[in-house]
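Enquirer: Model the structure of this input:
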Amino acid sequence: MKIVKEFKEFAMRGNVIDLAVGVVIGGAFGKIVTSLVNDILMPVISVITGGVNFSELKLVLVEAQSETVAEVALKYGAFLQNIVDFLIIAFSIFVVIKFMNSTKKKVQEIPVPKLPDPQIALLEDIRNLLRKK
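Expert: All right, here's what the predicted structure looks like:
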């Protein structure tokens with residue numbers, strides 16, 4: 001039972017939960033970027049390159065000899081598409097982190113007014129009351 005308790009403490013730490021949320025959001029963000037690349041960018045690039053479908057680009061090493069023996073090919077088109085996905089995701093994360101850092105700097109630059117020590121304020125109140133008498 002001790003291991004169950006330790007696991008529960010581990011799983012309920014703030015960092016683990018934050019990491020889990022980050023993974024879920026990252027997965028959803030990856031799907032959005034994949035759709036952006038596949039459905040918007042790659043068709044435009046295909047038109048620019050004369051109708052080439054990148055996901056179908058491949059270098060056939062061995063032709064298919066029958067229905068049971070598939071062809072052996074290097075699918076470099078899918079690889080290129082994954083590189084485009086990666087670059088978009090990396091750039092998006094860069095922009096978000098840059099924005100967060102600039103916001104963080106602005107918050108740090110705001111001067112915080114120095115509040116008097118509560119003991120000093122109490123002593124000043126006592127002094128003022130004594131002066132009135």
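Enquirer: how about Thr68, secondary structure?
Expert: Secondary structure assignment for Thr68 (DSSP: H, G, I helix; E, B strand; the rest coil): coil.
Enquirer: For it, grab phi and psi.
Expert: With angles defined as degrees, to the nearest 10, Thr68 sits at phi -90, psi -20.
Enquirer: That one - how many residues pack around it?
Expert: Thr68 has 6 neighbours, counted by other C-beta atoms under 10 Å. Bear in mind the C-beta positions are built from the backbone N, C-alpha and C, glycine included.
Enquirer: What are the boundaries of the helices in this protein?
Expert: Using DSSP state H, the helices found in the chain span residues 2-11, 14-35, 42-48, 76-109, 118-132.
Enquirer: May I see the buried residues of the last one?
Expert: Taking 16 or more other C-beta atoms under 10 Å as the basis for neighbour counts, none of the residues of helix 118-132 comes out buried.
Enquirer: CA atoms only for that helix, dumped as PDB, please.
Expert: Backbone C-alpha positions of helix 118-132 (Å, rounded to 0.1, in the frame of the first residue of the first chain) are rendered in PDB as follows:
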ATOM      1  CA  PRO A 118       3.200  47.500   9.600                       C
ATOM      2  CA  GLN A 119       5.100  47.900  12.800                       C
ATOM      3  CA  ILE A 120       6.400  51.400  11.800                       C
ATOM      4  CA  ALA A 121       2.900  52.400  10.800                       C
ATOM      5  CA  LEU A 122       1.500  51.200  14.100                       C
ATOM      6  CA  LEU A 123       4.200  53.200  16.000                       C
ATOM      7  CA  GLU A 124       3.500  56.300  13.900                       C
ATOM      8  CA  ASP A 125      -0.200  55.900  14.800                       C
ATOM      9  CA  ILE A 126       0.700  55.600  18.500                       C
ATOM     10  CA  ARG A 127       2.900  58.700  18.200                       C
ATOM     11  CA  ASN A 128       0.200  60.700  16.500                       C
ATOM     12  CA  LEU A 129      -2.300  59.800  19.200                       C
ATOM     13  CA  LEU A 130       0.100  60.800  22.000                       C
ATOM     14  CA  ARG A 131       0.700  64.100  20.300                       C
ATOM     15  CA  LYS A 132      -3.000  64.800  20.300                       C
END
